[in-house]
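Q: below: sequence and its predicted model.
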Amino acid sequence: MDIFELKDKVIAGYDLTKEEAMSLYKADYEDLKKCANEIREHYCGTNFNFCTIINAKSGKCSEDCKFCAQSGHYGHNSNEYGLLKEDVVVADAQKQKDVGIERYSLVTSGKRLSDEEVDRVCETIKKVKSDVGVEVCASFGLLSKENYQKLYDVGVRRVHNNLESSREFFATVCSTHSFDEKIDAIKAAQEVGMEVCSGGIIGLGESREDRINMAFDLKELKVDSVPVNILNPIKGTPMGDNERLTQEEINRTIAIYRFILKDVYIRLAGGRALLSDTGKESFMSGANASISGTLLTTQGMDPKTDIEMINELGYKVVV
């Protein structure tokens, strides 16, 4: 089918098949980006969502994710510390709000926070919300429904939990927890009324079909925000020598995700610094959200510069 006809069908409400999504990798590059942008405009308008993250607990992770410098399995000298003190987090949240970022996420290493750590971080979140007044998101691993309820009760309305890749490729990425454990955690958060931010990483060595399969899994889960991370190979990790994806390959994937995930925030996340234009082309190819500022173990983008670029592209920053 002609890509413009397919775009019109998607705008009319049609859901792509996996075969149609795969065929878009062969579409004309400029046409693909243009059509994805039109789908984004139809379903999402000019809304753009920024968030910043803080590495609230770092290193010594029990999990063996092959891309991650925080894993305790590879002898990588990542920065190691326990849960940050409340005043440190509050001060950082205020700093981000002062430059215009109204959504702030705490991210911790490890398979999951303990019940005691969840209680501690809930107190920090209450302080951030009362003193700074930003939306607070949480990425604390594979929590129980009871722990998600605690987070909901202190005002957290969105949690993050990446699938990382397709079900078929996941065992290549991690062996210390399962794809189904991730699915269960996502559903537990949704059961207490939370939105979910979940996506993955491209450039792990997965196939294009793996990327498409992950997108359809995310669609089935009805997630609200889909971070697309680009692997920045870190020496000392098993994926440290992976070949970097081209900018065209990255933007093709983002555009195809817009065809599949019509009305969600598609969030350009880790690896933006690898793009020659820091993501400007991606934001005209279907992406309409981003993580700004410092990332977990790699350098991110300056929030003030990010906001200026997004405004120049005609977007309206929303929470």
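A: Sure, I can see it.

Q: which phi and psi does the closest residue in space to Ser62 that isn't next to it in sequence have?
A: Of all residues not flanking Ser62 in the chain, Lys111 sits nearest, at 5.5 Å (Cβ to Cβ, 6 or more residues apart in numbering). Where C-beta positions appear, they are placed from N, C-alpha and C, glycine not excepted. As for Lys111, its main-chain torsions (degrees, to the nearest 10) stand at phi -60, psi -40.

Q: before we move on, what about Lys235?
A: Backbone torsions of Lys235, given as degrees, to the nearest 10, read phi -60, psi 140.

Q: from Tyr257, how far out is it?
A: Computed with Cβ to Cβ, to the nearest Å, the distance linking Lys235 and Tyr257 is 29 Å.

Q: could I get the full set of helices for the stretch 101-250 of the chain?
A: For the stretch 101-250 of the chain, applying DSSP state H, counting those that start in this stretch gives helices covering 115-131, 145-153, 167-173, 179-191, 208-221, 247-260.

Q: of those, flag the one that's most buried.
A: With neighbours taken as mean count of other Cβ atoms under 10 Å, the helices of the stretch 101-250 of the chain reach their highest mean count in helix 247-260, at a mean of 23.

Q: can I get stretch 88-107 in CSV, CA atoms only?
A: Backbone C-alpha positions of stretch 88-107 (Å, rounded to 0.1, in the frame of the first residue of the first chain) are rendered in CSV as follows:
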residue,chain,number,x,y,z
VAL,A,88,19.5,16.8,47.7
VAL,A,89,16.5,15.6,45.7
VAL,A,90,14.4,18.6,46.6
ALA,A,91,17.2,21.0,45.6
ASP,A,92,17.7,19.3,42.3
ALA,A,93,13.9,19.3,41.5
GLN,A,94,13.8,23.0,42.2
LYS,A,95,16.7,23.6,39.9
GLN,A,96,14.9,21.8,37.1
LYS,A,97,11.7,23.6,37.7
ASP,A,98,13.5,26.9,37.6
VAL,A,99,14.5,26.3,34.0
GLY,A,100,11.0,25.3,33.0
ILE,A,101,10.8,21.5,33.5
GLU,A,102,7.7,20.5,35.4
ARG,A,103,7.9,16.7,35.4
TYR,A,104,10.6,15.1,37.5
SER,A,105,11.5,11.5,37.9
LEU,A,106,13.4,9.6,40.5
VAL,A,107,15.3,6.5,39.1
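
Q: got a list of contacts for it?
A: Stretch 88-107 is contacted from outside by 49-56, 121, 124-125, 127-128, 131-140, 160, 292-293, 296, 303-304, 307, 317, 319, using Cβ atoms under 8 Å, 6 or more residues apart in numbering.

Q: okay, and which of those residues map to strands?
A: Judged by DSSP state E, the contacts of stretch 88-107 include 49-56, 135-139, 160, 292, 317 as members of strands.

Q: re the thing from before, dump the helices of the stretch 101-250 of the chain to TSV, plus distance to Gly100 and mean pLDDT.
A: TSV is the format used below for those (distance: least, Cβ to Cβ, whole Å; pLDDT from 0 to 100):
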stretch	distance to Gly100	mean pLDDT
helix 115-131	17	98
helix 145-153	25	98
helix 167-173	34	97
helix 179-191	28	98
helix 208-221	28	98
helix 247-260	24	98
